[in-house]
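Colleague: Here is my input, please return the structure:
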Amino acid sequence: MSWFWDAFQQSQISDNQKQSSDAKHDAKAALSSIRELEEKVDRLSLLCHALFEELERSTGFSESQLKQKMVEIDLRDGKLDGKFDPISGKNCPECGHIIRKSRRNCFWCGANLKGID
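Modeller: I've put the predicted structure just below:
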């Protein structure tokens, strides 16, 4: 009977080692993805700063105007949450595709979307 117990224990140990190895692999992959996303965010941040400085220099568009525009865009999906969701919108009554709320015509079929909520 102890042979069965030993075999069972060895099987459990082997399963746990495999799960541990898989978890280490997943953690390394997640860390790599996080680093890649951080690099993208840093590049986008640099790009945004450069674009705003150039916009401000060439047109006089102020930081307060920029903040106002950010709030306007944020509210397009109906909630002030600091996120931009270009997909969020309404369904086209003609073709059913999801269309941004700010569009006046369906991107897909051209249907008029005025007055549709």
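Colleague: Residue 1: neighbouring residues, count only.
Modeller: By other CB atoms under 10 Å, 5 other residues sit near residue 1. Backbone N, C-alpha and C define where each C-beta goes, glycine included.
Colleague: Please list all residues in contact with the closest residue to residue 92 other than its chain neighbours.
Modeller: With CB to CB, 6 or more residues apart in numbering as the measure, residue 106 is the residue that lies nearest to residue 92, at 4.2 Å, once sequence neighbours are left out. Residue 106 makes contact with 92, 94-95, 97, 99, 113 under the criterion CB atoms under 8 Å, 6 or more residues apart in numbering.
Colleague: Mind checking which of those residues are buried?
Modeller: Among the contacts of residue 106, those scoring as buried are 92, 99, 113 (criterion: 16 or more other CB atoms under 10 Å).
Colleague: you'd agree the first one is up against residue 112?
Modeller: Okay, so that is residue 92. No: taking contacts as CB atoms under 8 Å, residue 92 lies outside contact range of residue 112: 10.0 Å.
Colleague: sorry, back to before: now the contacts of residue 106 in TSV, with distance to residue 54, pLDDT and secondary structure?
Modeller: As requested, the contacts of residue 106 are exported to TSV (distance: CB to CB, whole Å; pLDDT from 0 to 100; DSSP: H, G, I helix; E, B strand; the rest coil):
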residue	distance to residue 54	pLDDT	secondary structure
92	36	86	coil
94	40	90	coil
95	39	89	coil
97	35	84	coil
99	31	79	strand
113	34	82	coil
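Colleague: shaky segments in the chain?
Modeller: Where the chain drops to pLDDT under 70, the residues are 86-89, 115-117.
Colleague: Where is the longest helix in it?
Modeller: Secondary structure of the chain read by DSSP state H shows that its longest helix is helix 2-59.
Colleague: Can you tell me which helices and strands that helix packs against?
Modeller: Secondary-structure packing of helix 2-59 (3 or more CB pairs under 8 Å, 6 or more residues apart in numbering; DSSP states H and E): helix 63-74.
Colleague: got the buried residues for the helix it packs on?
Modeller: For helix 63-74, the buried set under the neighbour-count rule, 16+ other CB under 10 Å, comprises residue 74.
Colleague: report the angle between the axes of that helix and helix 2-59?
Modeller: Computed with axes from the mean of the first three to the mean of the last three CA atoms, to 10 degrees, the direction of helix 63-74 lies at 130 degrees from that of helix 2-59.
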